[in-house]
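A.B. asks: Curious how this folds, go ahead:
(one chain, ligands or ions: 2)
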Amino acid sequence: MGMVSNNILIELEQVSFAYAPLRPVLRDLDFILEKGEHVSLLGANGSGKTTLFHLIMGLLMHYSGSLRVFGEERRVRKDFDEVRRRIGLLFQDSDDQLFSPTVAEDIAFGPFNLGKSREDVLWIVKETLAVLGLEGFEDRVTYKLSGGEKRLVALGTVLAMRPEVLLLDEPVIGLDEEHRNRFVNILKESNLSYIIISHDHDFLEEVTNKRYLLGGGRLQGA
Ligand SMILES: Nc1ncnc2c1ncn2[C@@H]1O[C@H](COP(=O)(O)OP(=O)(O)O)[C@@H](O)[C@H]1O
Ligand SMILES: [Mg+2]
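C.D. replies: Residues are numbered from 1 along each chain as shown. Ligands and ions are numbered 1, 2, ... in the order given. Down below sits the predicted model:
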């Protein structure tokens, strides 16, 4: 790692991506996320915000340009194993995140895969639910939860991995005020770096201090 890049977590240079030929979604996009930054990502529907998150996580391949995460170039599938361990993506749609029968199993899934012991995992599940204000939700059936509850459990599956960076794709849609405030407090009390896609300006005002606008396939600082 170069001497000047120690604080750079994510760096995109001249990144272009298209789902279909001749219809680029991202065009020569440059972006840097430094350690400790709390960033808003704004942009019209369809401007490519979710696409950008998915590229960073390696869920989409075949971009052009340079994508460095944690100081390493990331291009092929195996490059992203470390990225997915250290960055937590909250999907725009909770149903893409939750796939286990019960809440406890969904939250336990990631830590188990990291090789944690049964005791550790049980503790992580309990602690995660407490942080989210969802004490006692262990045996609740995931698909029967309300939209807001699913949102929080989805965040729980991300936090249970103890990530260093969060990518949050429209996190507070469907949350009531109590749970939204809880979400705000979790972010404020964490020392995580994060990027948040949201259209909720009050929320962004509370939890971020730097803004980017995605339009025409590129980012503008604001
Ligand atoms: N899997 C896909 N296949 C083809 N086009 C897609 C796919 N996903 C998204 N798109 C298109 O790419 C553009 C950017 O989408 P997206 O990143 O979801 O935008 P945003 O999150 O900013 O609303 C949109 O025009 C969308 O229709
Ligand atoms: Mg989106």
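A.B. asks: make it CA atoms for all contacts and neighbour counts henceforth
C.D. replies: OK.
A.B. asks: for the chain, which spans come out with low pLDDT?
C.D. replies: Residue ranges of the chain with pLDDT under 70: 1-5, 222.
A.B. asks: switch to 50 and redo it
C.D. replies: Across the chain, the ranges flagged by pLDDT under 50 are 1-2.
A.B. asks: Flag every residue of the chain that's near ligand 1.
C.D. replies: Among all residues of the chain, those adjacent to ligand 1 (criterion: C-alpha under 6 Å from any ligand atom) are Tyr19, Val25, Asn45, Gly46, Ser47, Gly48, Lys49, Thr50, Thr51.
A.B. asks: Check which residues of the longest helix belonging to the chain are buried.
C.D. replies: The helix of greatest length in the chain, counted in residues with DSSP state H as the criterion, is given as helix 118-132. By neighbour count on 16 or more other C-alpha atoms under 10 Å, the buried set for helix 118-132 is Val121, Leu122, Ile124, Val125, Lys126, Glu127, Thr128, Leu129, Leu132.
A.B. asks: what's the closest non-adjacent residue to Thr102?
C.D. replies: The spatially closest residue to Thr102, leaving aside those adjacent along the chain, is Val141, at 4.6 Å (C-alpha to C-alpha, 6 or more residues apart in numbering).
A.B. asks: The one you found against Ala104, yeah?
C.D. replies: No. Val141 is beyond contact range of Ala104, at 9.3 Å (criterion: C-alpha atoms under 8 Å).
A.B. asks: So between those two, which is more surrounded?
C.D. replies: Ranked by neighbour count (other C-alpha atoms under 10 Å), Val141 and Ala104 place Ala104 first, with 26 against 14.
A.B. asks: Torsion angles phi and psi at that one?
C.D. replies: Main-chain dihedrals, Ala104, degrees, to the nearest 10: phi -60, psi -40.
A.B. asks: show me the residues around it that make contact.
C.D. replies: With contact set as C-alpha atoms under 8 Å, 6 or more residues apart in numbering, Ala104 has these partners: Val125, Phe137, Glu138, Asp139.
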